[in-house]
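K.L.:
Give the three-dimensional model of this entry:
(one chain, ligands or ions: 1)
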Amino acid sequence: MQYFSTNRVSPHVSFRDAVLAGQPADKGLYFPTELPRLTPDWLASFRSLSNEQIAFDVIRPYVGGDIDDESLYEIARETVNFSFPLVAVTETIAALELFHGPTLAFKDVGARFMSRCLRHFSRNRAEKTIVLVATSGDTGGAVAAGFHGVENIEVVILYPKGKVSKVQELQLTTLGGNVTTLELHGTFDDCQALAKRALADTDIMSRVHLTSANSINVARWLPQQFYYFYALKQWEGDEPVVCVPSGNFGNLASGILAHISGLPVRKFIAACNANDVVPRFMDSQTYEPRDSVSTLSNAMDVGSPSNFVRILEIFGHRFADLKEKLEAVSVSDEATTATMRDVFSRCNYILDPHGAVGFRALEDHLNESGGRGIFLETAHPVKFDSVSDILGTQGDVPPGVLELFDKERVSIEVDNDYGQLKDVLVSKI
Ligand SMILES: *Cc1c(COP(=O)(O)O)cnc(C)c1O
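P.N.:
Sure thing, here's the model as predicted:
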């Protein structure tokens, strides 16, 4: 399998080189030259396979032999060694709970897969790898946990000060060791812009191997396809509508990829908060990135969603085809709050704000069009302080979260200034 850059200037590379580079030099995103199809036999029988076997079978063509089967199977097994239950919330709506991993959000899968791929590829390299990641909340914790203690790898995390929740901040700042956390005076988009600049900085790149662990890295992006197979494995009845709470659009792009390779899905819904660049694009065909605005679902506060271009690539930039498969809606904070209250009192189910955006968009769609559907519950409610303010409870606190409060918090405050980030990176070389 080869990967090309969506900007079409940088040369094609293998899976291995795409993972190691993170982003092509022309600042596009890597995208597979072919979209693998699963065989009808496999699609008819995958429901009886184990989660690890599904993960291995789905990812294998994308890896294209760059990791031997035995190692890849082991990576797949470690990546998905927790549960992904599909839980009925109403008669027509089920939640695919993606928060049963170590940092209680769906990004654990991509982060675990990527860290293990990098570990595999770094085995025989003398040089150190620095993983740089900008996070709006969940990515950083998942990446930090995925890479913590991995030899020859340094992790540098950038997050917007004051814009992540208490539990997220603890997950970001309490690991120590090879994980350095920078608290930036600015927004997530500022963090992402600085990270992109560092990844294009030839001075740093000539001295150390620097890579991104954001969802733009193919090893973070592609394994997210697994969720959709796990959802369908537990689903009975007609093709579901699948609703994905979206920010940077990596998760949704991977879901659509799973569908293209054969997974039956009637329609996808991109559920956004007030950051509505994609819903406006789906109405107007005009793509206008904006500054992000802060919302209750802070992990989706993205004004310039990087991965949307991958969705356009999947559909060959044919708008009519895209429109047939994808609907995009924006859900306000008021509607999010009302939905959390309503679902708690009606169904006794505690939604986190991201899941609530998904539930609202899905229920509205089903009320109009009929059918049944699945929304992805992307994080555990305990990660968001707003949940107890709104519902008076966050449900059961999972083990591990309480321990975080006793740990020492370490982070470095930086301005929205590339020089300060560069100094930190250079100090790790
Ligand atoms: C990252 C994140 C999202 C958005 O996912 P994208 O792939 O960026 O669209 C949604 N919910 C939670 C809890 C997240 O952490």
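
K.L.:
When you work out contacts or count neighbours from here on, use the C-alpha atoms and nothing else.
P.N.:
Noted.

K.L.:
Residues of this protein that sit close to the ligand?
P.N.:
Residues of the chain lying close to the ligand (Cα under 6 Å from any ligand atom) are 105, 138, 245-251, 299-300, 354, 378-379.

K.L.:
Looking at these, which are in helices?
P.N.:
Among those, the residues falling in helices (DSSP state H) are 138, 250, 251, 354.

K.L.:
Nearest residue to the third one in space, please, no chain neighbours.
P.N.:
It stands for residue 251. Leaving aside its chain neighbours, residue 251 sits nearest to residue 224 (6.0 Å; criterion: Cα to Cα, 6 or more residues apart in numbering).

K.L.:
Residue 194 now?
P.N.:
Closest residue to residue 194 in three dimensions, ignoring its sequence neighbours and counting by Cα to Cα, 6+ apart: residue 418, at 6.0 Å.

K.L.:
ok, that neighbour touching residue 196?
P.N.:
No - using Cα atoms under 8 Å, residue 418 is not in contact with residue 196; the gap is 10.4 Å.

K.L.:
Between those two, point out the one with more neighbours.
P.N.:
Between residue 418 and residue 196, residue 196 has the larger neighbour count (other Cα atoms under 10 Å), namely 18 against 15.

K.L.:
still on that earlier bit, please give the number of neighbouring residues around the residue nearest to residue 251.
P.N.:
Other residues lying near residue 224 total 28 when counted by other Cα under 10 Å.

K.L.:
Kindly report the same for residue 43.
P.N.:
15.

K.L.:
again with residue 131
P.N.:
Around residue 131 there are 25 other residues, counting by other Cα under 10 Å.

K.L.:
swap in residue 396?
P.N.:
Neighbour number of residue 396 under other Cα under 10 Å is 8.

K.L.:
For the ligand, what is the nearest residue in the stretch 251-400 of the chain?
P.N.:
Relative to the ligand, the nearest point of the stretch 251-400 of the chain is residue 251 (3.8 Å; Cα to the nearest ligand atom).

K.L.:
Please enumerate the helices of the stretch 301-429 of the chain.
P.N.:
All helices of the stretch 301-429 of the chain, identified by DSSP state H, counting those that start in this stretch, fall at 308-314, 319-325, 333-347, 353-369, 385-391, 401-404, 418-428.

K.L.:
what does the stretch 51-200 of the chain give?
P.N.:
With helices called from DSSP H, counting those that start in this stretch, the stretch 51-200 of the chain shows them at 51-63, 69-79, 107-122, 138-147, 166-173, 188-199.

K.L.:
Out of these, which gets the lowest mean score?
P.N.:
Looking at the helices of the stretch 51-200 of the chain, the lowest mean pLDDT belongs to helix 138-147 (a mean of 83).

K.L.:
on contacts alone, who are the packing partners of that helix?
P.N.:
If you count contacts as 3 or more Cα pairs under 8 Å, 6 or more residues apart in numbering; DSSP states H and E, helix 138-147 packs onto helix 107-122, strand 129-134, strand 153-160, helix 166-173.

K.L.:
just to revisit the earlier point, could you redo the residues of the chain next to the ligand as TSV and give each row neighbour count and distance to residue 327?
P.N.:
Shown next, in TSV, are those (neighbours: other Cα atoms under 10 Å; distance: Cα to Cα, whole Å):
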residue	neighbour count	distance to residue 327
105	22	24
138	28	25
245	30	12
246	31	12
247	30	15
248	23	16
249	27	13
250	26	16
251	29	15
299	25	20
300	27	17
354	28	17
378	29	19
379	25	22
